[in-house]
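Engineer: Quick one, structure for this:
(3 chains)
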Amino acid sequence: MTSTALPAQAGRTASRARHTIVDADIHPHAPAPQIRERLAQRHRERWDMFAGRVPGPPEIYPRVRNSGFRLDSWPPGGFPGSDLQMVRDQLLDEYGIDHGILIPLQGHSWGVEEPGYAAALCHALNDWLADEWLAAEPRLRSSIAIPHEAPDLAAEEIRLRACDPRFVQVLLSTGGELGFGRRRYWPIYEAAAEAGLPVAAHTGGLEQHRGAGWPSFYLEEHVWNGNTMAALIMSMLSEGVFERFPSLQVACVEGGIAWAGPLMWALDDAWEQLRTDVPHLRRPPSEYVREHIWFTTQPIEEPDDPAHLEIALAHIGMDDRIMFASDYPHWDFDSPRQAPRLFPAALRSSIMGSNACRLYGLPEVEPEESR
Amino acid sequence: MTAAPPTTGVVDTDVHCAPATIAALTPYLEPYWRTYIQDGGVSLSTTQGGAYPPQAPTSATPAARAAGAVPATTVDELRTGLLDPAGLSTAVLNCTTSFHCNRNPYYEAALTRAVNDWLVTEWLDRDDRLRASMVVPTLDTEAAVAEIERIGGHPGFVQVLLPVRADVPWGNKRHHPMLQAAAAHDLVVGLHAWGRIGNAATPTGITHTYLEDYLGNSQLIVQAQVTSLVTEGVFTRVPQLRVVLAECGFSWLPTLLWRFDKDWKGVWREVPWLDGRPSEVVRRHIRLTTSPAHLPRDAAQVRQVLDLLDAAAMLLHASDHPHDHGTGGDRLLAALTGPERERVQSRNAIDWYRLG
Amino acid sequence: MKIVVSRLDEFPPGERRIVQAGRRSIGVFRVGDRFYAVNNHCPHQGGPLCLGRTKPWVRSAGPGDYAMAEHDALVACPWHGWEYDLATGQSFLGPGEPPARTYDVSVEAGDATGEPVHGRLPGPYVAETFPVHVEDAYVVVDTSPRAPAAGVSGGAR
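Structural biologist: Residues are numbered from 1 along each chain as shown, chains lettered A, B, ... in the order given. Next up is the predicted model:
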């Protein structure tokens, strides 16, 4: 099937929003040669000889809609998210986005490689982000890719980037070798807390299905994402991460939101009975959740009746901790123009921008400027 | 058979019983397996592999603990501890003793046969208020089918009980013959909390705390089982199949279905046999027991949760005796209207398990 | 307004053209000898509908059974994959999907009946479609106001 599209018309003019728009989940993709050239010789040899040993989730569960990407997001000869100008055209300019937060998912798999190699890959990825994207586009900020299964090296990378204000958070995946509350990972949280940076847990990483066993289909795996996020929160709470790092903030990215209410009810019930088991939790778990956890919207749950989502969000009671995310260039991209209709009207402007500005210390657009 | 005392009409769909020790099962085991047990030092874990730690407040209510029924090991204990005082018209017995069985598939088959025969002889034959779930081996589909063929027609069995923690999700193709056999015998398929002890509760492995393990059932694993059963087309293939989720909570269901429906709209071509919205399939084929009831603290919010779930249609009353999941059950009962309570405590279970 | 899309002999089966009609972008598809024209705007979230892949109907008698029709009949939005009947613009989400909530967008002309089509019930949206004709060996799309109509045969003239 070929198409002979006429030159894309500017078409809809990007109407200036009346409020700040922050997109908290944009996925850049570093072309392989640009990472390879940033590696030291010994890592380059490993790159050439063994490539990557950690399977990405799509190898196990193929994204059965347009390979998991907006079909119109492939630059000529490139990979979705690899062309900054295309991201400007399709996202930043198109929707008048004031600030965009980059989440480089290549770090998810690279962070699990042999520790020295993992650290080198993530370091190169962060260099590439700084050189090629952050230097060129002032609307963008980035997450720090880290070798998360080598937490000591991850902490080094965090401390290195912390002095660059364009890096605004530390990137974790939900899939790791162990529960992310484990002490093994605490050097990451220590460095993040010390730098005043939030940690973003994005769905993905090591694909593992214990408990119920491995599902067969992408549909199941994608529905399951909210539960990997719930497991991460339970682990951090139960192991005492928030008692040890009381300033630490954790953003749950691309896992949905509505499940957080039922999770908090269950946690509080269980805590009442099992306090001997979780001495680190001095208060009902829901209190820690409301003080430490943030959510991004995409893919927000969509009940038939939007009033039901409103009820679920009211039960969660964390309206000031929900941030809009488009998930560009993935197939389930939420348009900043259409998606706000899914959110309760009273929350739209805070979800679309001001909540994220508060978490990431970003300036809000002045009201007069925004007319 | 003793005369039943006055009944409240309540049906309790999750009542635990267990053999006190493996000695209670040896009369029901073939000679080879008696020697296997002796030589292997095989015993039945009193905590069921850590699922119900000895002194954990969740493992038994104070009353059950005082009566030594943790859980009941004889029908007399159950009569005095639950059946009579609660005035139950029917109780569905769940024996999860075989859930954490070792990995020998032939021993698992022998053990589950023994549990089923023990249930018939020591329980079902002794009190006509009792119905029971039969258990099947989880490692061998053919053996599970054979066990359903052997004993699934016994009028006391109303359900095939499966653990939520398993090697392969229950919707998987390899399990379909077993699910078909259950449906052919008009047996409900019950998925119950816990299961294989080697299967961690979380995607990232074993947990340091029991709390995570405990909530792993109701907040994580059961949701994977629901998506598996629906996605794999189990209900397309076996349209008469009825499923119960026991001791797995229920308040998580509405938000799971919002997500499930949304994703299905985008990627339905991957599973074209799924012939309706996941939420509608669940509504047609799945019910949930009331304990644990993880609900908000605010009564108005509890009411909203029940409305989102359509609790009056979806829930089956369960005491989960002897387990103790805290105060959620009281919040649930307080929020149900009179007619809703009648459906949840009695009518829904009579219809679903065909007790009438 | 009539827009000349292409010479017929330069528009082989299986191809599509995107044309501009005033402010509107329209996708013209050739499937076999049939032509279809659809507004290049997905009513769901505003994606460029006509850049999506075209798909045949698929039905299933049960797990593992995939019965796919011979010809493409639907276009799947390049963003979320919501599918629209090329002829009518009617959206179809999946088997048995009843018409659901609509956003506050205008639902354009279509002939949704609510009856199952190939085992699937119509979804909430209808994308705008236009008649296509072959005139003097040129493929022409007509955006004049009209009653709803399906794609016409290109080879019938």
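Engineer: interface residues of chain B facing chain C?
Structural biologist: Counting by C-beta under 8 Å from any C-beta of the partner chain, the residues of chain B close to chain C are B:173, B:176, B:232-234, B:236-237, B:264-269, B:272-277, B:280. Placement of C-beta: from N, CA and C, glycine included.
Engineer: Let's see that with 7 Å instead.
Structural biologist: B:173, B:232-233, B:236-237, B:264-269, B:272-277 (C-beta under 7 Å from any C-beta of the partner chain).
Engineer: Which ones among those residues lie within strands?
Structural biologist: Of the residues of chain B next to chain C, none are assigned to strands by DSSP state E.
Engineer: buried subset of the residues you listed?
Structural biologist: When these are checked for burial by 16 or more other C-beta atoms under 10 Å in any protein chain shown, the buried set is B:232-233, B:236-237, B:264-269, B:272-277.
Engineer: would you put the C-alpha positions of stretch A:22-29 in PDB?
Structural biologist: Provided in PDB are the C-alpha atoms of stretch A:22-29 (Å, rounded to 0.1, in the frame of the first residue of the first chain):
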ATOM      1  CA  VAL A  22       3.200  20.000  30.200                       C
ATOM      2  CA  ASP A  23       3.600  16.600  28.600                       C
ATOM      3  CA  ALA A  24       5.100  14.300  31.200                       C
ATOM      4  CA  ASP A  25       5.800  11.300  28.900                       C
ATOM      5  CA  ILE A  26       7.500  11.800  25.600                       C
ATOM      6  CA  HIS A  27       9.700   9.000  24.200                       C
ATOM      7  CA  PRO A  28      12.900   9.900  22.300                       C
ATOM      8  CA  HIS A  29      14.800   7.200  20.600                       C
END
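Engineer: tell me the mean pLDDT for it?
Structural biologist: What stretch A:22-29 shows for mean pLDDT is 98.
Engineer: List the buried residues of that stretch.
Structural biologist: A:V22, A:D23, A:A24, A:D25, A:I26, A:H27, A:P28, A:H29.
Engineer: With distance to C:A21 and secondary structure as extra columns, can I get those in TSV?
Structural biologist: Converted to TSV, the buried residues of stretch A:22-29 look like this (distance: C-beta to C-beta, whole Å; DSSP: H, G, I helix; E, B strand; the rest coil):
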residue	distance to C:A21	secondary structure
A:V22	36	strand
A:D23	32	strand
A:A24	37	strand
A:D25	35	strand
A:I26	33	strand
A:H27	34	coil
A:P28	36	coil
A:H29	35	coil
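Engineer: Need the max-distance pair from the residues you listed.
Structural biologist: Farthest apart among the buried residues of stretch A:22-29 by C-beta to C-beta are A:V22 and A:H29. That separation is 21.0 Å.
Engineer: before we move on, the earlier item: which among the buried ones among the residues of chain B next to chain C are in contact with chain A?
Structural biologist: Answer for those near chain A (C-beta under 7 Å from any C-beta): B:E232, B:W264, B:G266, B:V267, B:R269.
Engineer: give the contact list for the third one.
Structural biologist: Listed by C-beta atoms under 7 Å, 6 or more residues apart in numbering or on different chains, the contact set of B:G266 reads A:R65, A:D332, C:H80, C:G81.
Engineer: which residues of chain C score low on pLDDT?
Structural biologist: Along chain C, the model assigns pLDDT under 70 to residues C:95-116, C:146-157.
Engineer: near chain B, which residues of it show up?
Structural biologist: C:58-60, C:62-63, C:65-66, C:80-82, C:93-97.
Engineer: Just flag the most distant two among those residues.
Structural biologist: Comparing every pair within those by C-beta to C-beta identifies C:G62 and C:H80 as the most remote, at 26.9 Å.
Engineer: The two: which is more packed in?
Structural biologist: Neighbours per residue (other C-beta atoms under 10 Å in any protein chain shown) separate C:G62 from C:H80, with C:H80 holding more: 25 against 13.
Engineer: Dihedrals phi and psi, B:L288?
Structural biologist: Reported as degrees, to the nearest 10, the phi and psi values for B:L288 are phi -130, psi 140.
Engineer: Out of the residues of chain C next to chain B, which sit inside strands?
Structural biologist: Those of the residues of chain C next to chain B mapping onto strands are C:V58, C:R59, C:L93, C:G94, C:P95, per DSSP E.
Engineer: residues in contact with whatever residue of chain C ends up closest to chain A?
Structural biologist: Residue nearest to chain A within chain C: C:P78 (3.3 Å; C-beta to the nearest C-beta). With contacts defined as C-beta under 7 Å, 6+ apart, C:P78 is in contact with A:N66, A:R70, A:L71, A:D72, C:G47, C:P48, C:L51, C:G52.
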